[in-house]
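Student: I would like the atomic coordinates for the input below:
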Amino acid sequence: MGVILHKNLRLESPQLICSWPGIGNIGTLAVSTLRTQLDAQSFGEIEPWDFFEPRKVVVKDGLLEELVFPASTFYHRNLGGQDLIFFTGEEQPHGDGRLYASGEVALKMADMVLDTAEQHGCRRVYTSGACVSAVHHETKPRVVAVASSESMLAEMKRIPNLVLMSEIGEGAGDGVITGLNGLLLAAAKKRGIEAVCLMGEIPDWLSRTPFPYPRAARSVMEAFAVILGTEVSFDFLDRQTEEVDKIINGLYQQFPPDVKELYEQRRSLSQPGPISREEADWMKEHLDDFLKSLGDEQDGGGDDDDRPV
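Tutor: Just a heads-up that it's a prediction; the model follows:
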């Protein structure tokens with residue numbers, strides 16, 4: 001079991017752009033929308049047997065036809081002479097019941113992705129996810145960057161609406177990036193590959209809801225457009241944002257008055273930062289019962305130890 005390549009590609013120092021589902025599906029939305037617009041073509045996949053249980057069994061005319069697993073797919077696109085490899089996973093492998101990948105199974109997938117990237121000459125890796133932040137849901141989300149080197153940080157600072165993790169909050173840039181988006185970053189650095197994670201801001205309370213947050217995915221996609229020097233359309237994400245905003249505003253109108261009063265103060269923050277532990281605990285205490293009404297069967301990824309910042 002391993003990586004299956006359907007095409008023999010000869011690439012010139014490609015960049016790798018990866019995404020897996022996570023909080024608000026911010027990275028997945030941004031990377032998948034970008035990949036689709038650029039018309040990147042599939043050229044390989046990671047076999048699922050060692051990582052996932054089947055999602056369903058397809059039956060035709062009473063006969064078992066196939067098992068359907070979460071896909072982990074490689075795509076390629078040459079953009080103005082620059083080769084790009086996209087990798088998108090429909091699910092993060094998790095062998096210990098956690099929402100996000102961890103442990104040996106996660107490291108195995110990260111190594112397979114990087115082995116394939118290095119096989120094709122890749123020297124730079126991008127991942128994307130969410131940054132849980134003390135931001136109002138009607139504020140334009142910033143992109144928070146973490147990089148593997150000082151030179152990469154300097155390069156990222158030139159991107160509009162992007163801040164470095166070291167520039168926000170009171171923790172001097174400390175934080176956690178959960179799952180494969182963070183693990184791949186560290187694994188790439190260990191191999192001497194430049195690596196950057198671009199995280200779109202999401203309000204703390206929305207990090208525990210079951211729906212996506214395309215408003216932040218748009219900000220991340222804007223950053224990728226600058227990095228790649230290409231024009232993209234935001235029509236799809238804007239339509240999704242309009243639909244999701246209706247849900248968010250409907251929920252927000254049901255906030256307890258004291259929570260709404262505190263939350264509205266965020267509109268005046270010129271430099272919102274990562275959510276503090278104290279504010280996170282207060283919001284969690286006052287909103288848990290409300291959020292549970294959305295359905296206990298769905299989890300937006302708000303475990304205390306799984307807050308990427």
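Student: residue 76 - nearest residue in space that isn't next to it in sequence?
Tutor: residue 43 (5.1 Å; Cβ to Cβ, 6 or more residues apart in numbering). C-betas here are computed from N, CA, C, even on glycine.
Student: meant to ask about residue 12, not that
Tutor: residue 83 is the one closest to residue 12 (Cβ to Cβ, 6+ apart), at 5.6 Å.
Student: counting contacts, what elements does the helix or strand encompassing the residue nearest to residue 76 pack onto?
Tutor: For residue 43, the host element (DSSP states H and E) is strand 41-46. Where contact means 3 or more Cβ pairs under 8 Å, 6 or more residues apart in numbering; DSSP states H and E, strand 41-46 is packed against strand 3-5, strand 72-79, helix 103-119.
Student: tell me the gap between the longest one and the middle of its chain.
Tutor: Just to be clear, that refers to helix 103-119. Chain-centre distance of helix 103-119: 17 Å, with Cα atoms, centre = their mean, to the nearest Å.
Student: in it, which residues are buried?
Tutor: Within helix 103-119, the residues that qualify as buried are 105, 106, 107, 108, 109, 110, 112, 113, 114, 116, 117, counting by 16 or more other Cβ atoms under 10 Å.
Student: go through the residues you listed and name the one nearest residue 239.
Tutor: Here the nearest of the buried residues of helix 103-119 to residue 239, counting by Cβ to Cβ, is residue 113; it sits at 30.7 Å.
Student: dump the residue contacts of residue 162.
Tutor: Contact partners of residue 162, counting by Cβ atoms under 8 Å, 6 or more residues apart in numbering, are 142, 143, 144, 145, 156, 198, 223.
Student: grab the nearest non-local neighbour of the last one.
Tutor: Looking back up the chat, that one is residue 223. residue 143 is the one closest to residue 223 (Cβ to Cβ, 6+ apart), at 4.7 Å.
Student: got a pLDDT number for the one you found?
Tutor: At residue 143, the pLDDT value in this model is 96.
Student: so it bridges to which residues?
Tutor: Note on residue 143: beta-bridge partners residue 162, residue 200, judged by DSSP bridges.
Student: that one against residue 218, yeah?
Tutor: No - counting by Cβ atoms under 8 Å, residue 143 does not reach residue 218; the two are 10.2 Å apart.
Student: settle it for me: which of the two has more neighbours?
Tutor: Neighbour tally, residue 143 and residue 218, criterion other Cβ atoms under 10 Å: the higher count belongs to residue 143, 26 against 23.
Student: if I pick the more buried one, what's in contact with it?
Tutor: Contacts of residue 143 (Cβ under 8 Å, 6+ apart): 159, 161, 162, 163, 198, 199, 200, 201, 219, 220, 222, 223.
Student: does the first one count as helix, strand or coil?
Tutor: Going by DSSP: H, G, I helix; E, B strand; the rest coil, the secondary structure assigned to residue 159 is coil.
Student: end-to-end on stretch 63-76?
Tutor: Distance between the boundary residues of stretch 63-76 (Cα to Cα, to the nearest Å) amounts to 35 Å.
Student: now do it, average pLDDT.
Tutor: What stretch 63-76 shows for mean pLDDT is 86.
Student: give me the buried positions along that stretch.
Tutor: Buried, per 16+ other Cβ under 10 Å, within stretch 63-76: 69, 70, 72, 73, 74, 75, 76.
Student: can you tell me how far the first one is from residue 54?
Tutor: This points to residue 69. 5 Å (Cβ to Cβ, to the nearest Å).
Student: repeat for the second one
Tutor: Using Cβ to Cβ, one gets 9 Å for the distance from residue 70 to residue 54.
Student: double-check that residue 29 belongs to a helix.
Tutor: Yes - under the criterion used here (three-state DSSP), residue 29 sits inside a helix.
Student: what count of nearby residues applies to it?
Tutor: Neighbours of residue 29 under the rule other Cβ under 10 Å: 26.
Student: which residues touch it?
Tutor: Each residue near residue 29 by Cβ under 8 Å, 6+ apart is listed here: 212, 214, 217, 237, 240.
Student: going by distance to residue 130, which of these wins?
Tutor: Closest approach to residue 130 among the contacts of residue 29 (Cβ to Cβ): residue 217, at 9.5 Å.
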